[in-house]
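Enquirer: I'll drop the sequence and a predicted model, then ask my questions.
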Amino acid sequence: MNQKELGRDFLRIYWAIEKAQEDWSRDLEAQFGLTAKQYSLLRAIERKADITTTDLTALLGKAQPAITQMLNRLEQNGFIRRELSSKDRRRREVRLTPKTAEMLSRVEPVGPSRVVQALELANERDGAEIVRAIETVMHWMTKRKVK
């Protein structure tokens, strides 16, 4: 396969992923009133029982006000609750509501959350290889100079 064919194949895959994510996002919004970012935030909370707003900020690479705003909206809509930590009263932990846990068990993710689920099932060698390949693609898409 030559370089032009590789480029076409990459774009075909990339745009298919984009379309799948957009279609899934529209369905998620229509069915549950959630954005894809809110869904990803809920999946992050699901993975760590005692997660805090600060943890989420670091994990998702977003500014604290943006995370706080999303959490406020999720709390208002009954998807999460925030409570003081039983171990450290200065910390507020974010927890899923039973309604959200049930919804997450039914919704099959598309995009990054699905890749995370697949990586958790992959063997260590395959998982590491996939992460390295994605890092390479990210580098090429954002930092590598094209001559």
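Expert: Yes, it's here. Quantities reported herein were computed from a predicted structural model and do not represent experimental measurements. Numbering: from 1, shown residues only.
Enquirer: contacting residues for the most centrally placed residue in the chain?
Expert: In the chain, the C-alpha closest to the average C-alpha coordinate belongs to residue 40, at a distance of 3.5 Å (CA atoms, centre = their mean). Taking CB atoms under 8 Å, 6 or more residues apart in numbering as the contact definition, residue 40 lies against 60, 111, 112, 113. C-beta: built from backbone N, CA, C; applies to glycine.
Enquirer: closest one to residue 94 out of these, please.
Expert: Distance from residue 94 was checked for each of those by CB to CB. The minimum falls on residue 60, at 12.4 Å.
Enquirer: number of residues surrounding the closest one?
Expert: 15 (other CB atoms under 10 Å).
Enquirer: what does residue 144 give?
Expert: Quick note: residue 144 (other CB under 10 Å) scores 10 neighbours.
Enquirer: next: residue 129.
Expert: Using other CB under 10 Å as the criterion, residue 129 is surrounded by 12 other residues.
Enquirer: is it in a helix, a strand, or coil?
Expert: helix (DSSP: H, G, I helix; E, B strand; the rest coil).
Enquirer: and it, how far from residue 62?
Expert: Relative to residue 62, residue 129 is positioned 28 Å away (criterion: CB to CB, to the nearest Å).
Enquirer: ok, residue 127 next?
Expert: Residue 127 sits 25 Å away from residue 62, taking CB to CB as the criterion.
Enquirer: which helices and strands does the lengthiest helix in the chain pack with?
Expert: Criterion DSSP state H: the longest helix present in the chain is helix 3-32. Counting contacts by 3 or more CB pairs under 8 Å, 6 or more residues apart in numbering; DSSP states H and E, helix 3-32 is packed against helix 36-47.
Enquirer: following element in sequence after the helix it packs on, please.
Expert: helix 53-60 (DSSP states H and E).
Enquirer: OK, contacts around residue 29?
Expert: Residues in contact with residue 29 (CB under 8 Å, 6+ apart) are residue 35.
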